[in-house]
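Peer 1: Turn this into a model:
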Amino acid sequence: MDRLDKFLCGSGAGTRSQVKTILKAGRVTVDGAVEKDGSRKIDPDTQAVTLDGSILGGKRRLVVMLNKPAGYVTATEDARQKTVMELLPKQWAHLNLKPVGRLDKDTEGLLLFTNDGELLHRLISPKQAVPKVYYARHEGQAGAADVTAFAEGLTLGDGTVCLPAVLQPLGPGESLITVCEGKYHQVRRMMASRNMTVSYLERRQEGQLSLDGLPRGQARELLPEEVLALEGK
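Peer 2: The predicted structure is shown next:
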């Protein structure tokens with residue numbers, strides 16, 4: 001059994017304060033009868049709840065893209081440091097969003113969130129080979145030998161084996177790197193193994209998604225067609 005107001009929040013009807021207003025206005029029915037008491041206990045599996053005549057079916061699936069700034073850790077909570085969750089709009093707080101993979105504290109750029117466990121698993125699984133494109137500023141200049149080494153798959157100093165990746169030199173001290181996995185500090189470590197220590201790193205693309213002008217520190221909900229593309233449909 002769930003409280004009606006909690007169920008409404010989880011269904012995407014709004015924040016707690018918005019749901020309170022919605023209930024007061026008589027816009028919600030339970031089994032056909034108007035219900036204004038948010039504390040009422042309901043069973044979503046056996047009772048029909050509607051908002052403005054539309055049946056609600058529990059938690060709304062949400063997929064969100066954030067342009068992450070430096071200085072935030074990718075975690076749902078941390079006692080000592082700022083987390084990426086603090087950057088998401090408050091109206092999504094009740095939807096139990098989780099980061100898809102991670103960007104380290106100093107890395108900026110595209111970070112996805114979802115409350116769809118199946119989609120989250122698909123996006124972080126190396127088997128799905130979802131490409132992620134990073135822009136790096138670094139020491140030195142990438143050459144043909146570095147490009148070949150990335151294409152063949154690097155083995156790092158600690159024995160970590162990296163899948164083949166694409167290194168695209170952009171000139172002195174700049175490169176694009178495309179990987180299809182997300183090992184710990186992977187891009188930085190791969191570059192360091194070729195004597196190109198990274199000073200700045202930004203994820204610019206994941207799958208077919210790109211930041212596309214989204215301001216740093218801002219987030220937006222993905223369009224239905226963007227979610228379908230992530231799902232490979």
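
Peer 1: roughly how far out does stretch 63-76 sit from the chain middle?
Peer 2: Centroid separation for stretch 63-76 versus its chain: 8 Å, with CA atoms, centre = their mean, to the nearest Å.

Peer 1: got it, and stretch 75-90?
Peer 2: With CA atoms, centre = their mean as the basis, stretch 75-90 stands 13 Å off its chain's centre.

Peer 1: what about it, how long is it end to end?
Peer 2: Stretch 75-90 has an end-to-end distance of 17 Å (criterion: CA to CA, to the nearest Å).

Peer 1: so how far is Thr83 from Gly71?
Peer 2: Distance, Gly71 to Thr83, using CB to CB, to the nearest Å: 11 Å. In this view, the C-beta of every residue, glycine as well, is placed from N, C-alpha and C.

Peer 1: Those two: which has the busier surroundings?
Peer 2: Neighbours were counted for Gly71 and for Thr83 using other CB atoms under 10 Å; Thr83 has more, 15 against 10.

Peer 1: Run through the bridge partners of the more buried one.
Peer 2: Per DSSP bridges, residues listed as beta-bridge partners of Thr83: Val73.

Peer 1: Lowest mean pLDDT among the helices and strands, pick that one out for the protein.
Peer 2: strand 54-55 (a mean of 78; mean pLDDT, DSSP states H and E).

Peer 1: same for that one, what does it pack against?
Peer 2: With contacts defined as 3 or more CB pairs under 8 Å, 6 or more residues apart in numbering; DSSP states H and E, strand 54-55 has no helix or strand neighbours.

Peer 1: residues in contact with it?
Peer 2: Outside strand 54-55, the residues that touch it by CB atoms under 8 Å, 6 or more residues apart in numbering are 48-49.

Peer 1: ok, it: who's next to it in the sheet?
Peer 2: Strand 54-55 has these strand partners (DSSP bridges): strand 49-51 (antiparallel).

Peer 1: can you give me how far the partner strand is from the chain middle?
Peer 2: The chain centre lies 29 Å from the centre of strand 49-51; the measure is CA atoms, centre = their mean.

Peer 1: Got the domain ranges for this structure?
Peer 2: If you go by automatic domain parsing, the domain ranges for the chain are 2-55, 63-126+208-230, 131-206.
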